[in-house]
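Enquirer: I'd like to go over a predicted model; first the sequence, then the structure.
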Amino acid sequence: MNLLEKLDAAAAARKAMLPNGVGAFGIPIEEVYSATEARIGDRRVLLLGTNNYLGLTFSPECIQAAHEAIDKEGTGTTGSRMANGSYFGHRALEREFADFYQCRSGIVFTTGYQANLGTISGLVGSGDTVLIDGDSHASIYDGCILSGADIIRFKHNDTTDLEKRLRRLGDRVKTTLIIAEGIYSMLGDQAPLAEIVKLKKEYNCLLLLDEAHSLGVLGETGQGLVEKTGLLKDVDFITGTFSKSLCSIGGYCVSNHPQLEQLRYVSHPYIFTASPSPATIASTRAALELLRKGSDLRKQLWRNSLQLYTRLGEVGYTLGPDPGPVIAAIVDSPQQALFLWQNLLEHNIYVNLILPPAAPEGKSLVRCSVNAAHTTEQITYVGDTFAKLYSKLSQ
Amino acid sequence: MTKSNYDEIMLLLCDRLGNLTNTGVQITPETNLISQLSIDSIKLLNLIMEIEDTFDISVPINALADIQTVRELAELIYKIKSAS
């Protein structure tokens, strides 16, 4: 099979899973009306397939900051920070992130994906070991592969299994990095951080926590799982993204280790890419300010999340173990997931369809992402529609 | 590690791979994991975790990049187990 034939085979497998040209992946969104509504084809749909947790995509403060940055500094930086220099905004945002986490320093990356790629590949290399949760995001897997370190998986959120694998490493634990996530994107569950920190200390290795889905969602000021658990000082490196609660694009790593700064000189995903645009940085800075003060937004987010999680559970859906804004209905087959996804869209509700092998343990999911801007009426409508479809799932 | 250990690994792999796949393919040392068994990446990674526990070893998943056949996988596990 030549290179193009391999792609043809992959395309055929995808089409076999999604019959009749169903465009569940990368669906065209024609117009976006607000943080909760958009037009898909000729339908005005409710958006429950975004990661807009605080509902800030149309925040006047963020929009104004982006406009002003474009007017003052133009549309792009046209190159890397290493070659083209660091704008005031890049450095300010790094200081603000470090301050937000009460850490020594922070680094901004051009995407959240690159934040994991750049941090992991900068921290570990050939001869080192990374111990990663089995349900880790692709950016973590890819960062580990890029690093050349030995990659060992532990069973998802299973600290007994993590300990077993740490023990097997023997002396190699000295150069081992454990990686976990604040909230896992597929089932919306949270890492058992206290137990992971205990093991990290016992075995004397380092810990990186990805707060991509938990930034803005967990903790009094929205730091994430580190704040909710009171373990901020016990995590060596925190990464995250601007593309979810901060409604922009980019990523960060913060740490109290002074060695973090060296990543600027060894991390290819940081060095060899264009730096974030002025508008991106400006809107992110405005959003971070709103996020820090956004306890009301978080309260509303959690009210909405608990309303939908409780309703779907009462209806009979199998859900992820932890309530939260990522709510995954776990169904028995790809066909059931496709049925549910299509029918929700016909009822003007857009959610995410997740099929094997993307979903954990070969499951099929229909995943909702709730946000703070959803109204109670919208969440009620979504819950009622799921309820109406439940009995038809097994027919 | 002895030849019997290697045979034990091979038997275990053939047994587990047979349970993981429904292709009807007779699993031999030369069976290709991807092209013949169509085993997806997650299933393969979960199988590796099971093997790690059975033999009390660490098998880095990046070591799987060059593995095509059941024999190559058995040899990798044998090599790691022998060195542990």
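Expert: Here it is on my side, so go on.
Enquirer: for the rest of this, base every contact and every neighbour count on C-alpha atoms.
Expert: Will do.
Enquirer: what packs against the host helix or strand of residue A:314?
Expert: Secondary-structure assignment from DSSP states H and E places residue A:314 in helix A:295-315. For helix A:295-315, the packing partners by 3 or more C-alpha pairs under 8 Å, 6 or more residues apart in numbering or on different chains; DSSP states H and E come out as strand A:318-319, strand A:326-331, helix A:376-393.
Enquirer: give me that answer again for 10 Å
Expert: Helices and strands in packing contact with helix A:295-315 are listed as helix A:278-292, strand A:318-319, strand A:326-331, strand A:364-369, helix A:376-393; criterion 3 or more C-alpha pairs under 10 Å, 6 or more residues apart in numbering or on different chains; DSSP states H and E.
Enquirer: output that helix as PDB, nothing but the C-alphas.
Expert: Included here for helix A:295-315 are C-alpha records, laid out as PDB according to Å, rounded to 0.1, in the frame of the first residue of the first chain:
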ATOM      1  CA  SER A 295     -16.700  33.500  41.000                       C
ATOM      2  CA  ASP A 296     -20.200  34.400  40.000                       C
ATOM      3  CA  LEU A 297     -19.600  32.900  36.500                       C
ATOM      4  CA  ARG A 298     -18.200  29.700  38.100                       C
ATOM      5  CA  LYS A 299     -21.300  29.500  40.400                       C
ATOM      6  CA  GLN A 300     -23.500  29.800  37.300                       C
ATOM      7  CA  LEU A 301     -21.400  27.300  35.400                       C
ATOM      8  CA  TRP A 302     -21.700  24.800  38.300                       C
ATOM      9  CA  ARG A 303     -25.500  25.400  38.600                       C
ATOM     10  CA  ASN A 304     -25.900  24.600  34.900                       C
ATOM     11  CA  SER A 305     -23.600  21.600  35.000                       C
ATOM     12  CA  LEU A 306     -25.300  20.000  38.000                       C
ATOM     13  CA  GLN A 307     -28.700  20.600  36.500                       C
ATOM     14  CA  LEU A 308     -27.800  18.800  33.300                       C
ATOM     15  CA  TYR A 309     -25.700  16.100  35.000                       C
ATOM     16  CA  THR A 310     -28.500  15.300  37.500                       C
ATOM     17  CA  ARG A 311     -31.200  15.300  34.900                       C
ATOM     18  CA  LEU A 312     -29.300  12.900  32.500                       C
ATOM     19  CA  GLY A 313     -28.500  10.600  35.400                       C
ATOM     20  CA  GLU A 314     -32.200  10.500  36.500                       C
ATOM     21  CA  VAL A 315     -33.200   9.700  33.000                       C
END
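Enquirer: which stretch among the helices and strands packed on helix A:295-315 comes nearest chain B?
Expert: Proximity of the helices and strands packed on helix A:295-315 to chain B was assessed by C-alpha to the nearest C-alpha; the nearest stretch is strand A:364-369, lying at 13.8 Å.
Enquirer: most neighbours per residue, which of the helices and strands packed on helix A:295-315?
Expert: For the helices and strands packed on helix A:295-315, ranked by mean neighbour count under the definition mean count of other C-alpha atoms under 10 Å in any protein chain shown, the leader is strand A:364-369 at a mean of 26.
Enquirer: next one: it to chain centre, how far?
Expert: A distance of 14 Å separates the centroid of the chain from that of strand A:364-369, by C-alpha atoms, centre = their mean, to the nearest Å.
Enquirer: and stretch A:204-219, by the same measure?
Expert: Here stretch A:204-219 is found 11 Å from its chain centre; the criterion is C-alpha atoms, centre = their mean.
Enquirer: pLDDT at the residue in chain B that chain A sits nearest to, what is it?
Expert: Scanning chain B for the residue nearest chain A gives residue B:60, at 4.8 Å (criterion: C-alpha to the nearest C-alpha). Per-residue confidence (pLDDT) for residue B:60: 95.
Enquirer: what sits against it?
Expert: Residues near residue B:60 by C-alpha atoms under 10 Å, 6 or more residues apart in numbering or on different chains: A:129-131, A:149-153, B:45, B:48-49, B:52, B:80.
Enquirer: in strands only, show me these.
Expert: When the contacts of residue B:60 are checked against strands using DSSP state E, the ones located there are A:129-131, A:150-153.
Enquirer: want to try CSV for the residues you listed, with distance to chain B as columns?
Expert: Converted to CSV, these look like this (distance: C-alpha to the nearest C-alpha, whole Å):
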residue, distance to chain B
A:129, 9
A:130, 9
A:131, 10
A:150, 5
A:151, 5
A:152, 5
A:153, 7
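Enquirer: now the residues you listed: which count as buried?
Expert: Applying 16 or more other C-alpha atoms under 10 Å in any protein chain shown to the ones in strands among the contacts of residue B:60, the neighbour count classes A:129-131, A:150-153 as buried.
Enquirer: same list (the helices and strands packed on helix A:295-315) but as TSV, adding mean pLDDT and distance to residue A:29.
Expert: Rendered in TSV, the data for the helices and strands packed on helix A:295-315 read as follows (pLDDT from 0 to 100; distance: least, C-alpha to C-alpha, whole Å):
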stretch	mean pLDDT	distance to residue A:29
helix A:278-292	97	21
strand A:318-319	96	27
strand A:326-331	97	21
strand A:364-369	96	17
helix A:376-393	96	19
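Enquirer: sorry, back to before: how far is the helix holding residue A:314 from where the chain is centred?
Expert: Remark: helix A:295-315 is offset 19 Å from the chain centroid, using C-alpha atoms, centre = their mean.
Enquirer: and residue A:200, what element?
Expert: Under DSSP H and E, the secondary-structure element containing residue A:200 is helix A:193-203.
Enquirer: report the buried residues of that helix.
Expert: Neighbour-count burial for helix A:193-203 flags A:193, A:195-197, A:199-200, A:203 (criterion: 16+ other C-alpha under 10 Å).
Enquirer: repeat for stretch A:131-144
Expert: Residues of stretch A:131-144 classed as buried by neighbour count (16+ other C-alpha under 10 Å): A:131-137, A:139-144.
Enquirer: circling back: from residue A:146, how far out is the residue of chain B closest to chain A?
Expert: Look at residue B:60 and residue A:146: by C-alpha to C-alpha, to the nearest Å, they are 14 Å apart.
Enquirer: which other residues reach the lowest-mean-pLDDT helix or strand in chain B?
Expert: Of all helical and strand segments in chain B, the minimum by mean pLDDT, DSSP states H and E falls on helix B:3-20, at a mean of 86. Contact with helix B:3-20 is made by B:2, B:24-29, B:31, B:33, B:37, B:39-40, B:43-44, B:47-48, B:50-51, B:54-55, B:70-71, B:73-75, B:77-79, B:81-82, as judged by C-alpha under 10 Å, 6+ apart.
Enquirer: select only the buried ones of those in PyMOL?
Expert: If you want just the buried ones from these in PyMOL, going by 16+ other C-alpha under 10 Å, the selection is:
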select buried, chain B and resi 27+31+33+37+39+43+44+47+48+51+70+71+73+74+75+77+78+81
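Enquirer: need phi/psi at the nearest residue in space to residue A:110 that is not next to it in sequence.
Expert: Counting by C-alpha to C-alpha, 6 or more residues apart in numbering or on different chains, the nearest residue to residue A:110 once its immediate chain neighbours are dropped is residue A:250, at 4.5 Å. Residue A:250 has phi and psi values of phi 140, psi 180 when expressed as degrees, to the nearest 10.
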